[in-house]
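> could you look at this predicted model? Sequence included:
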Amino acid sequence: MTDVKLLDLPINELKRQLATSNDLGEVMRFFFNHFAENRSFIEASHRIQVPEALREGIRPLIAKYWPKQTFVGEWAVAEVTLLGLVHGTILLDSNTAVVLWAPSLSLGVVALPNIEAGEIVYARISIIKANATRQ
């Protein structure tokens, strides 16, 4: 486990990758390498109720990309308020998905391992409010 101070973590790079990268696996690897194994990040994480926008954004992704999975809906998510990052897991009927979400960007990634195929499938979470208007 690494020990980099919370404010020294590369949060801007992670958010840039969330917004622009086409390789969502690389985004998740960056998160795990720089954040998930960091003691200060783990200590700053506090359990939260799942934000409704995130819950509603995930449901159609599970149905579209993993139709054989039943959405059980047991969530274990935490937030690092200072960094504006939500992370955690979602329990499905036969698997566990990992979620990473930046509320300020309304963007994130959900990852679901396909153990039989030996791969991880990724989907981008992009939540735009129905009444949002662009200037």
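Received the coordinates, thanks. Residues are numbered from 1 along each chain as shown.
> going forward, measure contacts between C-alpha atoms and count neighbours the same way
OK.
> correct me, but Arg124 touches Ser106?
No: using C-alpha atoms under 8 Å, Arg124 is not in contact with Ser106; the gap is 10.5 Å.
> more neighbours, those two?
Each of Arg124 and Ser106 has its neighbours counted (other C-alpha atoms under 10 Å); Arg124 has more, 20 against 17.
> just the buried positions in the helix or strand containing Glu74, please.
Assigned by DSSP states H and E, Glu74 belongs to strand 71-80. Using 16 or more other C-alpha atoms under 10 Å as the test for burial, strand 71-80 gives 71, 75-80.
> in a markdown table: the residues you listed, plus pLDDT.
Converted to a markdown table, the buried residues of strand 71-80 look like this (pLDDT from 0 to 100):
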| residue | pLDDT |
| --- | --- |
| Phe71 | 65 |
| Trp75 | 89 |
| Ala76 | 93 |
| Val77 | 95 |
| Ala78 | 96 |
| Glu79 | 96 |
| Val80 | 96 |
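> and which of those is nearest to Pro51?
Val77 (9.6 Å; C-alpha to C-alpha).
> gap between that closest one and Ile127?
18 Å (C-alpha to C-alpha, to the nearest Å).
> and if you look at Val110?
From Val110 to Ile127 the distance is 13 Å (C-alpha to C-alpha).
> Asn38 now?
Counting by C-alpha to C-alpha, the gap from Asn38 to Ile127 is 28 Å.
> ok, now which ones touch the most centrally placed residue in the chain?
With distances taken as C-alpha atoms, centre = their mean, Leu100 lies nearest the centre of the chain, 1.2 Å away. Listed by C-alpha atoms under 8 Å, 6 or more residues apart in numbering, the contact set of Leu100 reads 28, 85-88, 108-110.
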